[in-house]
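Visitor: Structure of the sequence below:
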Amino acid sequence: MDKGYFNLVDFRANGVPYQLFVRNADTLLHILREELGLMSVKPGCENGDCGSCTVLMDNVPVNACHMLAVEADSHHITTIEGLEDTKLQEAFIANHALQCGYCTPGFILNAHALLSHHPDADEQKINEWLESNICRCTGYQEIKEAIQTVQKELEGNG
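Guide: Purely as a prediction, here's the structure:
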């Protein structure tokens, strides 16, 4: 293998350390799905518009289709597999905030970051954060209600 076209990338995905040789042009989307088998990271538009490939990099939402795998070096990547059994996932189910489920991991990761950075986000802030994800099956009202449900639970525990 000619190492000139490859870079060694050292990062964590869902808490697990990885060292991989990646091509210079490999996207994070490709590496997460094809090399690590994290199939919740979905290809959609593959130009950064739909949010189906949303992952968290150091708890900040990014489009994995727009990010080169080499940019993940020394970072922590979280996919939906890294957020098992959270209140947010339960709220999405309870509020019927999903239908086909294709976009759901991206929405949940984005909402998780929103609540981490802005636990008291008002409706306008929630709407702004949801603009980066597209759902073609359901309305956004149920998704907003799921987020607001978790906000209320957090307020009650705070």
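Visitor: Sort out which residues of the longest helix along the chain are buried, please.
Guide: Taking DSSP state H as the criterion, the chain has its longest helix at helix 141-157. Within helix 141-157, the residues that count as buried by 16 or more other Cβ atoms under 10 Å are E142, I143, K144, A146, I147, T149, V150, Q151. Bear in mind the C-beta positions are built from the backbone N, C-alpha and C, glycine included.
Visitor: any idea which element P105 lies in?
Guide: helix 104-117 (DSSP states H and E).
Visitor: Let me have the buried residues of helix 141-157 in a markdown table, extended by distance to N14.
Guide: Shown next, in a markdown table, are those (distance: Cβ to Cβ, whole Å):
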| residue | distance to N14 |
| --- | --- |
| E142 | 27 |
| I143 | 23 |
| K144 | 27 |
| A146 | 22 |
| I147 | 22 |
| T149 | 25 |
| V150 | 21 |
| Q151 | 25 |
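Visitor: can you put the residues you listed in JSON lines and add pLDDT and distance to N47?
Guide: Listed next are these as JSON lines, based on pLDDT from 0 to 100; distance: Cβ to Cβ, whole Å:
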{"residue": "E142", "pLDDT": "94", "distance to N47": "26"}
{"residue": "I143", "pLDDT": "95", "distance to N47": "22"}
{"residue": "K144", "pLDDT": "96", "distance to N47": "26"}
{"residue": "A146", "pLDDT": "96", "distance to N47": "27"}
{"residue": "I147", "pLDDT": "97", "distance to N47": "26"}
{"residue": "T149", "pLDDT": "97", "distance to N47": "32"}
{"residue": "V150", "pLDDT": "97", "distance to N47": "30"}
{"residue": "Q151", "pLDDT": "96", "distance to N47": "32"}
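Visitor: Can you show me the CA trace of the helix holding P105 as PDB?
Guide: Once non-C-alpha atoms are left out, helix 104-117 reads as follows in PDB (Å, rounded to 0.1, in the frame of the first residue of the first chain):
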ATOM      1  CA  THR A 104     -34.200  10.100  13.100                       C
ATOM      2  CA  PRO A 105     -30.600   9.400  14.200                       C
ATOM      3  CA  GLY A 106     -29.500  12.800  12.800                       C
ATOM      4  CA  PHE A 107     -32.400  14.600  14.500                       C
ATOM      5  CA  ILE A 108     -31.800  12.900  17.800                       C
ATOM      6  CA  LEU A 109     -28.100  13.700  17.700                       C
ATOM      7  CA  ASN A 110     -28.800  17.300  16.800                       C
ATOM      8  CA  ALA A 111     -31.400  17.600  19.500                       C
ATOM      9  CA  HIS A 112     -29.000  16.000  22.000                       C
ATOM     10  CA  ALA A 113     -26.400  18.700  21.300                       C
ATOM     11  CA  LEU A 114     -29.000  21.400  21.400                       C
ATOM     12  CA  LEU A 115     -30.100  20.300  24.900                       C
ATOM     13  CA  SER A 116     -26.400  20.000  26.000                       C
ATOM     14  CA  HIS A 117     -25.600  23.500  24.800                       C
END
